[in-house]
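J.: Quick one, what's the 3D model for this:
(chains A and B)
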Amino acid sequence: MSLVNFTTREITCKIVYYGPGRSGKTTNLHYIYARVPETRRGRMVSLATQTDRTLFFDFLPIDLGQISGFSTRFQLYTVPGQVYYNATRRLVLQGADGVVFVGDSQARQLDENVESLQNLQSNLLEHGVDVRTMPLVMQYNKQDLPRELILTQEDLDDALNFRSVPSFAADALHGRGVFETLKAISELVLKKLAAGSPAA
Amino acid sequence: MTSTLNPRFTFETFVVGAANRLAVTAGRTVAENPGSAYNPLFIYSGSGLGKTHVLMAIGHAAKTIAAQLNIEYLTLDEYVEAFHAAIAAGQGDAFRRRFQNVDVLLVDDVQFLTNRKEMQAELLRLTEALQQSGHQIVLASDRPPAEIADLDERLISRFSGGLVVDMGIPDYETRVAILRRKAEERGTKFQPGVLETVAKVEYPNVRELMGALNRLIAFQAVNDTPINADAASKVLGIPTAASPTAASPTAASPIAASPDEFSQFLTDVTVTVGKAVEAWRARVTEAVLRWEGEGYRTGRLAKLLDQETPAAVDEAIASYVHDVERLKALEAEVAVLDPQAAGDKVFRDPDHMDDAEAAAAKVRDGAAPPPGPSAAFPLETYVPGASNDVGLNAARDVIAKPGKKYNPLVLVGRSGLGKTHLLNAIGLELAKKKGAVVACLSTQGFVDELIAAIDGNRVDWWRARYKRATALLLDDIQLLAGKERTQEELFNLFNQFLDADRQLVFTAPAHPNTLEGLEERIVSRLEGGLVAEVGEPDKELRRSVLERLLTTQHVAMEPALLDYLADRPVESVRNLSGMVQRVVEAAAAQDAPVTAGLARDVLEGGQPPRRTAGLRTSGIVVSSAGGVRSREKMVWDWPAAADRVIEDLR
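T.: Next up is the predicted model:
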């Protein structure tokens, strides 16, 4: 997709929140949705099951208004985390400008995190995108859980963040780290635009 | 002279809200890219809303990013004071150089430029110098540039040419955030709901908000018990609302600690986008928008945007602008020659300059200049005399100072006294001047041209031809009588020529106000210049003219012949020339020399000589009836009798 359209003076960023099931991707979007003024946000589309599991994807369009003469829009998507929805994940990833990997900080979820990360790499490759060229930010969610249940940010970085991309400890339910993550991925995406080449 | 930056006034200590986000964003961008982003940056807001804070924060941020930068902050009063001191000490140039070397100049309270013309000029010069050298200037005022009384238009335009941003009154959330931050800075804690209560009051500026906070801090300091929301309302005289909306602290999640996360995010993204697009793409896009707005094709520039990293972007833009300027010049030239052709889209396409040049050349070739003066009437052959010295002197003045002294010049006199000669002589002399385009023709020719233009739907083109002229000379202006449209056109031309100090010369058989059929507005304009009469030639003038005529005819100059011819009663120079012609022809027919006796025979009862072919002279011919007419005024090809009858019947 065209990230920046100089003819119509529009910037559109598609950011996908990726990660294992129940890691807090939709919670991130809900928190953001609640903080965005009504005039700036579109309707949040959420297809969920009766148990609030994302069935297809969440979609939150945000209109940031005129920035440097460009009409700037962010489109935030989540993917369904469950393993069997891979086709949907691949579909949602199409045309993504940046990915937030929302990891579950619980120690017992480490394997799911690793598996999801590998799945992300694989799905990007399906679209002909090298994960190393895709702006990526790691968010380690649920850091509010008891310390004995979770891994620290350093531990998770060691286990998952082999590219040393920006990472954030987060508590999406209460908002900690949510906007920091969004800001970081936005910067990476926009810097990629500025450089005119794949972001590191 | 220069104030130091207050270390407390940084972006980190500034609470950003919807009302000031743009100013902060622009300030941060400027600090990160001094001289290249928004230059000048003009920030305005009411008093106490943070202008000075942002101004100093820009200075701090710029210094943090590049420590070597030379940053100056000062108020306008300080600047004026320093300037006056420098002038008094004879150090004006040093003062100017000093400020021109500043990398980031921050000027506060610019509204005090009112009624300070000399400082406005100085600031204008400084702004231009800083812009040209790529240095940044940031100004703050309590009102936008256009509302600063008596501010020089050029300054308004310079300031508006960068970025003008305002800072409004902070909204509720921002007020809460400000109060919390300030309370924290002062190490004071309030009960939940207190600051929210204060924030509900819409103070017109942050200073008053701080005043309220100070009162609460002071009140709490002298009372051992912490102040609550109701007490705070009483202290500040705020009417207590029935609904204690802010008094539900337990419900406040950590979310409430950051009331405007989205605004902060938006600010950050704005800075990032600003950095991303303020490089070459922004410049190209700006150029595309500008020239598209003016109706020019921008395909060449748009192609730049398709490239990843085009080389020499600025050169490409400069080249494009150069071509556009050339197109403008061509279009302006064509508009004069042929207004209809000027609207051609070829003059709006810088990608096809050759086409535009070709189109302009075509118009140039097609635009024949208006008829010029006849070379048969040079000034040198115009014989001066007492009867025409007023007209001749006026003509010389007109030639010396066209459009300045006598405009219009109207030469009046009976037919055959040399008005046409003098008119053309003036035209010839004016045409010798550099860049001159002299329109010189008979009024009848003028009328006929207009009729043809109307017929060919080319009146604009016709007008354009005459508008190009630097002088307009019309012979026999009385022929305009009854020709309303021509008078209308001449009236318009008249005004344009007078306004542009371009010379107008006319001839008429009598004083303009005695001519019938001319509109009053034309007559009054003719009278507005100089009306110079050309009288009947006296004997001396007649003798001078005869000498010239006989010399031209290669006739030996016998004194008796000259005396005889000069004494003959003639009413005009034209008659004189006809008389000589008759004598010369008679001599040629008889194959005899031209003598006084022969002249007497011919002119006093002798048979008129048979007209022989080949004796016509340039411009002057002898009619079968013995009259003399100039070639220009002669109808050579009469229609056949049958045609004339038809014409009469019509």
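J.: Find the nearest non-adjacent residue to the residue nearest to the spatial centre of chain B, please.
T.: Nearest to the geometric centre of chain B sits B:Ala332, at 11.8 Å (C-alpha atoms, centre = their mean). Spatial nearest neighbour of B:Ala332, excluding adjacent residues (C-beta to C-beta, 6 or more residues apart in numbering or on different chains): B:Ala342 at 7.9 Å. (Glycine included, C-beta is placed from N, CA and C.)
J.: where does chain A have low pLDDT?
T.: For chain A, the stretches with pLDDT under 70 are A:1-8, A:46-56, A:68-69, A:194-200.
J.: Quick one: the strands in it, in order.
T.: A:4-5, A:10-18, A:45-48, A:54-67, A:70-78, A:98-104, A:136-141, A:167-169 (DSSP state E).
J.: Now the second one: buried residues?
T.: Within strand A:10-18, the residues that qualify as buried by neighbour count (16 or more other C-beta atoms under 10 Å in any protein chain shown) are A:Ile11, A:Thr12, A:Cys13, A:Lys14, A:Ile15, A:Val16, A:Tyr17, A:Tyr18.
J.: Going along the chain, name the helices of the stretch 201-350 of chain B.
T.: B:206-222, B:229-236, B:261-277, B:280-293, B:299-306, B:313-337, B:339-342 (DSSP state H, counting those that start in this stretch).
J.: picking up where we left off before, return the residues in contact with the residue nearest to B:Ala332.
T.: Residues near B:Ala342 by C-beta atoms under 8 Å, 6 or more residues apart in numbering or on different chains: B:Glu331, B:Ala332, B:Val334, B:Ala335.
J.: List buried members of the residues you listed by neighbour count.
T.: Judged by 16+ other C-beta under 10 Å, buried ones among the contacts of B:Ala342: B:Glu331, B:Val334, B:Ala335.
J.: What separation is there between the last one and B:Leu450?
T.: Relative to B:Leu450, B:Ala335 is positioned 20 Å away (criterion: C-beta to C-beta, to the nearest Å).
J.: what's the neighbour count on residue 45?
T.: In the absence of a named chain, chain A is used. 12 (other C-beta atoms under 10 Å in any protein chain shown).
J.: The chain in question should be chain B.
T.: 23.
J.: Verify the stated contact: it with B:Val164.
T.: No - assessed by C-beta atoms under 8 Å, B:Ser45 is found out of contact with B:Val164, at 11.4 Å.
J.: Hmm, A:Ile11 is touching A:Ser71, no?
T.: Yes - under the criterion of C-beta under 8 Å, A:Ile11 makes contact with A:Ser71 at 7.3 Å.
J.: State the pLDDT value of the residue nearest to B:Ala332.
T.: For B:Ala342, the model assigns a pLDDT of 72.
J.: Check the one 5 residues further on too.
T.: The score at B:Phe347 is 89. That number is its pLDDT.
J.: Please name the nearest non-neighbouring residue to it.
T.: Closest residue in space to B:Phe347, ignoring its immediate chain neighbours: B:Glu331 at 4.1 Å, by C-beta to C-beta, 6+ apart.
J.: ok, the one you found to B:Glu357 distance?
T.: Where B:Glu357 is concerned, B:Glu331 sits at a distance of 12 Å (C-beta to C-beta).
J.: Check B:Pro34 too.
T.: Taking C-beta to C-beta, one finds B:Pro34 at 42 Å from B:Glu357.
J.: quick one on the thing from earlier: between the helices of the stretch 201-350 of chain B, which one is closest to B:Gly385.
T.: Comparison of these against B:Gly385 by C-beta to C-beta identifies helix B:313-337 as nearest, at 41.4 Å.
J.: tell me what the closest one is packed against?
T.: Judged by 3 or more C-beta pairs under 8 Å, 6 or more residues apart in numbering or on different chains; DSSP states H and E, helix B:313-337 is in contact with helix B:280-293, helix B:299-306, helix B:339-342, helix B:353-366, helix B:459-468.
J.: for these, which one sits closest to B:Phe446?
T.: Nearest of the helices and strands packed on helix B:313-337 (C-beta to C-beta): helix B:459-468, 8.8 Å.
J.: now the closest one and helix B:313-337, what's the angle there?
T.: Counting by axes from the mean of the first three to the mean of the last three C-alpha atoms, to 10 degrees, helix B:459-468 points 100 degrees away from the direction of helix B:313-337.
J.: now what about helix B:459-468, what contacts it?
T.: Residues outside helix B:459-468 that contact it (C-beta under 8 Å, 6+ apart) are B:335-340, B:367-370, B:437, B:439, B:449-450, B:453, B:472, B:489, B:492-493, B:496.
J.: now the next helix or strand after that helix: how far from the chain's centre is it?
T.: Using DSSP states H and E, the helix or strand that follows helix B:459-468 in sequence is strand B:471-475. Between the centre of strand B:471-475 and the centre of its chain there are 28 Å (C-alpha atoms, centre = their mean, to the nearest Å).
J.: Note down every partner strand of strand B:471-475 and its orientation.
T.: Strand pairing for strand B:471-475, determined by DSSP bridges: strand B:438-442 (parallel), strand B:503-508 (parallel).
J.: ok now the shortest one, how far from the chain's centre?
T.: Right, the one you point to is strand B:438-442. Distance, centroid of strand B:438-442 to centroid of chain: 30 Å (C-alpha atoms, centre = their mean).
J.: tilt between the very next helix or strand once past that strand and strand B:503-508?
T.: Counting by DSSP H and E, the element after strand B:438-442 in chain order, helix or strand, is helix B:443-455. Per the same axes, to 10 degrees, the angle that helix B:443-455 makes with strand B:503-508 is 110 degrees.
J.: Give me the buried stretch members for helix B:443-455, please.
T.: For helix B:443-455, by 16+ other C-beta under 10 Å, it's B:Thr443, B:Gly445, B:Phe446, B:Val447, B:Glu449, B:Leu450, B:Ala453.
J.: Same check on stretch B:184-200?
T.: By neighbour count with 16+ other C-beta under 10 Å, stretch B:184-200 contains the buried residues B:Phe190, B:Gln191, B:Pro192, B:Gly193, B:Val194, B:Leu195, B:Glu196, B:Thr197, B:Val198, B:Ala199, B:Lys200.
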